[in-house]
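**Q** Give me a model of this one.
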Amino acid sequence: MRDADVVPEAEWEGLGVPHFDRRVYLEALRHPDAGVIGWADGLGAEPGRVRGAAERLLDLGLLRSTVEGRPRLEPVDPRLAMRAAVRRRQERVDRFAATAGELAEELSVVYEHGRLRARPSRILEVIEGTGAAAARVAELLAGAEREACGIDAPPYVTASGNGSGNGSGNGSEHRLLNRGVRFRTLYAAECLDVPEKLSSVLAAIGCGEEARVLPTAPLKLLLVDGRTALLPLTGSEGSSRHRSVVVHGSTLTDALQALFDTLWRQAAPLRARGKMPDQTLAQEEGLTAAEQNLVELLASGITDEAIARHLGVTARTLRRRIRDLQDRLGSSGRFQAGVRAAKRGWL
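**A** Numbering: from 1, shown residues only. This next block holds a predicted model:
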């Protein structure tokens with residue numbers, strides 16, 4: 001067993017007890033009835049300084065105030081006091097940890113602004129080649145803490161439709177979703193005409209991605225935590241001179257986030273099969289799973305060719321199914337059918 005006088009300073013400071021306060025506490029343990037004046041005499045210190053240390057020890061729970069007889073301070077049993085001090089210390093750490101993320105976000109804004117003032121060229125980072133762009137996408141996604149937003153549109157490097165523009169449909173996205181980071185993607189309707197693309201998108205939605213469809217997309221984009229964006233500078237990703245640019249926290253990334261949010265509100269939701277907003281109502285209406293799936297796909301604005309390919313049916317069979325849905329809704333056209341499906345809670 002170690003003598004309290006030789007316990008390393010770091011262990012005392014870990015409990016929030018500085019050197020002089022430790023000396024006062026040890027004196028109190030040796031002479032519990034002496035009080036502040038007696039402890040000051042024993043230490044050869046000024047009573048006022050000892051009283052200040054005693055008040056701090058009282059706050060830590062190492063001393064307590066007693067009202068038996070005349071009011072005075074006395075030490076608490078160290079076996080109880082130390083455990084209580086550790087708990088209070090841990091509670092303070094937990095409170096700090098709860099606010100550290102928010103504090104880091106606020107300080108990072110100051111940091112980024114300082115970097116930009118020191119060297120404005122740091123706001124832009126040009127990337128040469130599709131391979132380097134894909135690697136940068138993976139890096140940005142790996143560092144995401146809150147949300148990643150993507151706009152996905154052709155052209156693509158590969159026939160599978162997985163280009164370097166936003167990271168959708170790859171392992172990086174799945175790891176992101178598993179970490180609890182929100183992932184929202186806007187798809188240009190034409191990109192879902194790429195073979196197997198629609199199936200991969202629906203699979204990603206099943207894993208937690210939020211997806212919507214636009215008739216056309218003004219650009220390809222990846223935006224991470226609202227402060228770092230990557231977008232192509234050249235139109236064709238297949239070009240050997242393909243270039244992308246990374247934009248760091250600035251009013252430009254703020255504008256890109258605002259653009260994404262505006263387009264998101266305008267886009268049609270794309271859901272995985274069986275993810276209708278009112279499942280009970282759909283069942284009461286007698287809507288089959290196949291009809292439910294078809295309604296969702298039609299509502300997102302995907303072309304008939306892409307829907308037929310995804311469902312594994314011919315264009316003629318798809319047209320017949322669409323007519324059957326219109327008959328059920330008493331509509332004469334697809335637009336009217338969509339309006340009536342929405343009113344009935346199918347969308």
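**Q** can I see the domain layout of the chain?
**A** Split into domains by automatic domain parsing, the chain comes to 1-118, 125-270, 279-343.
**Q** can you redo the ones you listed as CSV with mean neighbour count and mean pLDDT?
**A** All C-beta spots, glycine's among them, are computed from the backbone N, C-alpha and C. Converted to CSV, those look like this (neighbours: other Cβ atoms under 10 Å; pLDDT from 0 to 100):
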stretch, mean neighbour count, mean pLDDT
domain 1-118, 14, 77
domain 125-270, 18, 82
domain 279-343, 15, 71
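**Q** How about residues contacting stretch 254-272?
**A** 149, 151, 184, 186-187, 201-203, 205-206, 211-214, 217-218, 221, 223, 226, 229, 231, 247, 296, 299-302 (Cβ atoms under 8 Å, 6 or more residues apart in numbering).
**Q** Name the nearest residue to Ile151, sequence neighbours excluded.
**A** Leu221 (4.2 Å; Cβ to Cβ, 6 or more residues apart in numbering).
**Q** so that neighbour sits right up against Ser244, yeah?
**A** No - using Cβ atoms under 8 Å, Leu221 is not in contact with Ser244, being 10.5 Å away.
**Q** Can you pull the residues that touch both of these two?
**A** Counting by Cβ under 8 Å, 6+ apart, the contacts common to Leu221 and Ser244 are Leu230, Leu231.
**Q** got a list of what the residue nearest the centre of the chain touches?
**A** Central residue of the chain (Cα atoms, centre = their mean): Arg146, 1.9 Å from the mean position. For Arg146, the contact set (Cβ under 8 Å, 6+ apart) comprises Val181, Arg182, Asp225, Gly226.
**Q** Please report phi then psi for it.
**A** Backbone torsions of Arg146, given as degrees, to the nearest 10, read phi -120, psi -50.
**Q** For Thr185, see how far away it is.
**A** Counting by Cβ to Cβ, to the nearest Å, the separation of Arg146 from Thr185 is 16 Å.
**Q** So Arg309 belongs to a strand, correct?
**A** No - counting by DSSP: H, G, I helix; E, B strand; the rest coil, Arg309 falls outside a strand, being helix.
**Q** wait, doesn't Ala188 sit right on Leu214?
**A** Yes - counting by Cβ under 8 Å, Ala188 touches Leu214, with 5.7 Å between them.
**Q** Could you please give me the overlap between the contact lists of those two?
**A** In contact with both Ala188 and Leu214: no residue, using Cβ under 8 Å, 6+ apart.
**Q** In three-state terms, label Val246 for me.
**A** Val246 is classified as strand under three-state DSSP.
**Q** For it, give me its contacts.
**A** Here Val246 is in contact with Leu124, Glu125, Ile127, Arg136, Leu140, Thr228, Ala229, Leu230 (Cβ under 8 Å, 6+ apart).
**Q** go with 10 Å
**A** Shown in contact with Val246 (Cβ atoms under 10 Å, 6 or more residues apart in numbering): 123-127, 133, 136-137, 139-140, 222, 224, 228-231.
**Q** and if you look at Arg179?
**A** By Cβ under 10 Å, 6+ apart, the contact set of Arg179 is Leu141, Ala142, Ala144, Glu145.
**Q** Closest one of those to Pro18?
**A** Glu145 (36.2 Å; Cβ to Cβ).
**Q** ok, and the closest non-adjacent residue to the closest one?
**A** That would be Asp225: by Cβ to Cβ, 6+ apart, it lies 5.7 Å from Glu145.
**Q** next one: phi and psi at the residue lying closest to Leu60 once chain neighbours are set aside?
**A** For Leu60, ignoring the flanking residues on the chain, the nearest one in space by Cβ to Cβ, 6+ apart is Ala85 at 5.4 Å. Dihedral pair for Ala85: phi -60, psi -40, per degrees, to the nearest 10.
**Q** And the strands in this structure?
**A** Assigned by DSSP state E, the chain shows strands spanning 63-66, 72-75, 124-128, 147-152, 182-188, 210-214, 221-224, 228-232, 243-247, 268-270.
**Q** Neighbouring strands - and their directions - for the fifth one?
**A** As defined by DSSP bridges, the strand partners of strand 182-188 come to strand 147-152 (parallel), strand 210-214 (parallel).
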